[in-house]
Structure formats: C-alpha cells, structure tokens
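**Q** Starting from these lines, generate the structure:
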Amino acid sequence: MPNGIVGFLKVEQNLLTIESDTKSSINDLKVAAHLDGLAVSMRYYDEVLTQAARNYAFTSDEKWTSAYFEAEPKLDRAIQDALASGTEKEKSIFSRIHEANLLLVRLEHQAIDLARDGKAADAIQILDSEEYWNSKQVYRQALAQYSKDKGIELDQLIEKSTAKIDSNAAQINGVLLETQILLYVGIPILVIVAASLSYFISRSISKPIRQLHTAAEQVSNGNYDIQFQAQNNDEIGELGQKFQSMINAFKNSLETERKLVITQERLKTEKLTAIGELAARIAHDLRNPLSVIKNVSELIRLQYPREDPRLQEHFNKLENSIQRMSHQIDDVLNFVRTTPLEKKITSLREIIQKSVDDLDVPDGISVVVPSNDEKIDCDDQKMRTAFSNILLNAIQAISDKGTISIKITGYTKHITIEISDSGPGIPENVLPHIFEPLFTTKQRGTGLGLSSCKNIIAQHGGTILAKNNPTTFVITLPRI
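**A** Model prediction:
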C-alpha cells in the first residue's frame, strides 16, 4: 500500500506540472503570434508612409497626405504595443525600430511641408538623401533581426511547447516504471493493481498527451486542418479544446484574408479579360478591311495623275486616316497581348534614342536626349513601345512648337527617367485617371496607350507616374 500511495502521488504531481507547463506554452504561443502580427504591421505601415510621402512629392495630390497621416499613428501604436509586450531582447530590437521611425517621420514631414510650399525637388532630395536611406536600412535590419531570431513564424514556439509536453510525458513514463518496480518488489498481489493502474493511466493520460503532441507537431509544420478530439472531460481534455479553438481561430483568419485577396484579383481579372476579349475581337475585325482599303487606295492613286493637287490632298487625308486607325488597332493589340519578357542587358540611352527615331517628330519640336547612360535588364522592344507612346503623347500635346526633355538619374537601387514637355499640361481632374484602361480625352485615341505603358513598366518591376508644371512622366526601374 505505501508503494501504491507513492506511485499515485508521483503521478498526480507530474500531472499538475504538465498542465501548468502546457498552459504556459500556449500563452507563450499567443504572445509570440501577437508580436509577429505587430512586426508585419510595422513593415506594412512603413511602406505605406514611404510610398505616400514620395507620391505626394511627385504629384502634390492631397490624397497621399491623407493616406500618410492616417497610417502614421497606426505604425506608432504598433511599435509602442511591441515595446510593452516583448522580452528584453525583443524590446531592444523594437527600440531600434522606434528610433529609426522617429527620424524617418521627421524627414518625411519635412518633405511633405516642402512639397506643399511648391518645392517638390527639395522634397524629393530629402527622400533620396543618405540620412533617410540609412535610417530606412536600420529600420529594415531591425525587422530582419527579429525575423531571424524567431525563425519560421509560430514554429519555434510550438516546438518549444511540444518539447515541454515531451519532457512531461517522459516524466510520466518514468513514474509509471518506478511504480511498477515498487509494487513488484512489495506485495505480489499489488502487481495486478499496478498493471491495471498502468493501463488506466496509459489510456486516460498518455494517449491524450500523445495526441496533443502530434497535433502540435502538425501545426508547427503548417497544417491547420487538424481536429483534436478530446476523449475526457478532465484538465487535459479542456486544454485540448482550447488548443483546438486557437487553431480554428487562426485558420479562419488566414482563410478570410486569402478569400479577400482572391476575390479582389478575380474581379480585376474578369474586368480586364472582358475588355481584352472585346477589344481583340474588334481589332481583328477592323484590321482585314482596313488592309483592303489601304491597298485599294494605293491602286487608285497609281491610276490617277500626280499633277492634280486636290486629288493628292484627298489621298493624303485617306492615308493619314488609315495610319491613325492602324495605330489605334496596334494600341488595342499591345494592351490585350500578354507575352513573356525577353530580357537582356541593354543601354537605356540607346532604347530612348531608337524610340525617338521611330517617331515622325515635327520640325518645330526638339527632343533633348540625355548625354549620360545606364544599363538595364529589360525587353528592349517592349521598353521602346512604352517610351514611344509617352513621346507621341508629348508631341501631340505640344502640337506646333516646343521642347521635349529626357533625363536619366541613377540611384543606389533604382533608375529614374523623366520625360518632360512644354505642352499646356494635363488637367488636374484628368491626371489621376490617365493610366486607366479605355480612359482618354482625345477624339482619336483608344485610351490604351498609357495603360499599356504602365503594364510594360510593371512587368519590369518598375513604376510610372505623371505630374504637371511642367508635364512630366517619371519612370522608375530597378538598377542592375
């Protein structure tokens, strides 16, 4: 009997330890998941602030300041929450992020104030300064250090909790072995009791612990579809139910986010697909009869004398109309065709020069090509199409006499191409919509030229925006 009592006491003691350690591991998992979410928020809102400040400096559109000042307090709250929740080591990392963010916000505020005063160039200079990007590097390195310390999100914490369960399960097995030995050495009849007790403990304690251990391993490997079925209503069963509730909540959150992204992409794809199918069908139906008209006009022109100026004027108008329709059909087909990039290292200045040579530039318009050069990894044919579209818009905007200026500026990680013209500018109510498919203010346009340009630049990992005073298209491409 004393041996049996000792065995039961040891079992009870280890059960209490298992319950305490397992609940502690689950709490640690919740804290870690919360900090991971805050780290993701810091990265997201930092990108929002950076992009909003730059876009405002380039466009002076107040919607970007609204986006900036809406995101700024959210980033500050995330940092303060992380400083209050993390360990000493994590607080040290988030302190570095906090200090870097204060400096970045101060510089971004200065840039916004300068842009509001009409000093866009000074604002851009601050956002491209060494001090700004050094602080940005400190901010990102701190987040990278946090990610490196944590390893794969949630995995290490679950493995830690699993390790505690394994340790306590090993203690239980040791206690069972001790109990069996004690009872075997004592009264022989108690061997049967010890065997029954071992079987009972194995079924009621060891099996649920092994199930919980298996479930924790599956979650650590990214499987959130497990169903932990607690067979008992004791503390271990309650712990398993809470563990299952936590997994279900996390899974539902991931599923909701995934469905939202899929829905947004599906709506966008369906809209563009419908536009593309309609445009491609119309373009195909127009191209063949247009070719017939062109060939017939050439034949008629050859049959009539060239001395008749009025007749030649009519033929010239006919050719110009055919050429304009062909250009519009090409715009449609360039927009709907999606072909893989054939990248190679190419001179950016050479691409710009060839784009200028492809166009019929009027005598009254001068195009200033940059003297400096940069090498980029791109599909040169598609880039020539993009630059030709922008230059053609500039020529049409100037109309009679003016200047088109092209500049290339190389930075640490990207290259900026600015194409400015002396035209009247883009109306402010039109400026936010010029890159939208089918949007045009021209009676002769398709509304697809600038949209195709944006798609080409995006395929190369770049961005494009437009601003006034003077009218300037700013293209940013990755540097080699």
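
**Q** Give me the sheet partners of the helix or strand hosting Asp377 and which way each runs.
**A** Element membership for Asp377, per DSSP states H and E: strand 375-378. Strand 375-378 has the following strand partners under DSSP bridges: strand 344-347 (antiparallel).

**Q** what distance separates the strand it pairs with from the centre of its chain?
**A** 27 Å (C-alpha atoms, centre = their mean, to the nearest Å).

**Q** How about stretch 390-398?
**A** So, by C-alpha atoms, centre = their mean, the centroid of stretch 390-398 is 32 Å from its chain's centroid.

**Q** ok, now stretch 80-100?
**A** 25 Å.

**Q** Confirm that Glu428 sits in a helix.
**A** No. Under DSSP: H, G, I helix; E, B strand; the rest coil, Glu428 falls outside any helix and is assigned coil.

**Q** and it, how many neighbours?
**A** 10 (other C-beta atoms under 10 Å). Glycine gets a C-beta too; all of them are placed from N, C-alpha and C.

**Q** Could you number the chain from 29 rather than 1 from now on?
**A** Got it, first residue is 29 now, which makes that one Glu456.

**Q** Skip the chain neighbours and tell me the closest residue to it.
**A** Asn496 (7.4 Å; C-beta to C-beta, 6 or more residues apart in numbering).

**Q** is it true that that neighbour touches Asn457?
**A** No. In this structure Asn496 lies outside contact range of Asn457 using C-beta atoms under 8 Å: 11.9 Å.

**Q** Pick out whichever of these two has more residues nearby.
**A** Asn496 (14 against 7).

**Q** May I have the predicted confidence score for that one?
**A** As predicted, Asn496 sits at a pLDDT of 90.

**Q** For it, give its distance to Ile454.
**A** 6 Å (C-beta to C-beta, to the nearest Å).

**Q** quick one, phi/psi of Glu370?
**A** Glu370 adopts backbone torsions of phi -110, psi 80, taken as degrees, to the nearest 10.

**Q** residues in contact with the closest residue to it other than its chain neighbours?
**A** Leaving aside its sequence neighbours, Glu370 sits nearest to Asp407 (C-beta to C-beta, 6+ apart; 5.1 Å). Neighbour list for Asp407: 369-372, 487-488 [criterion: C-beta atoms under 8 Å, 6 or more residues apart in numbering].

**Q** And Trp92, by the same measure?
**A** 80-81, 83-84.

**Q** Go through those residues and flag which are in helices.
**A** 80-81, 83-84 (DSSP state H).

**Q** shaky segments in the stretch 279-428 of the chain?
**A** For the stretch 279-428 of the chain, residues meeting the criterion pLDDT under 70 lie at 293, 296-309, 311-313, 315, 333-335, 348, 351-352, 355-356, 358-366.

**Q** Can you list the residue ranges for helices in it?
**A** Listed in chain order, the helices of the stretch 279-428 of the chain (DSSP state H, counting those that start in this stretch) span 337-364, 376-385, 408-426.
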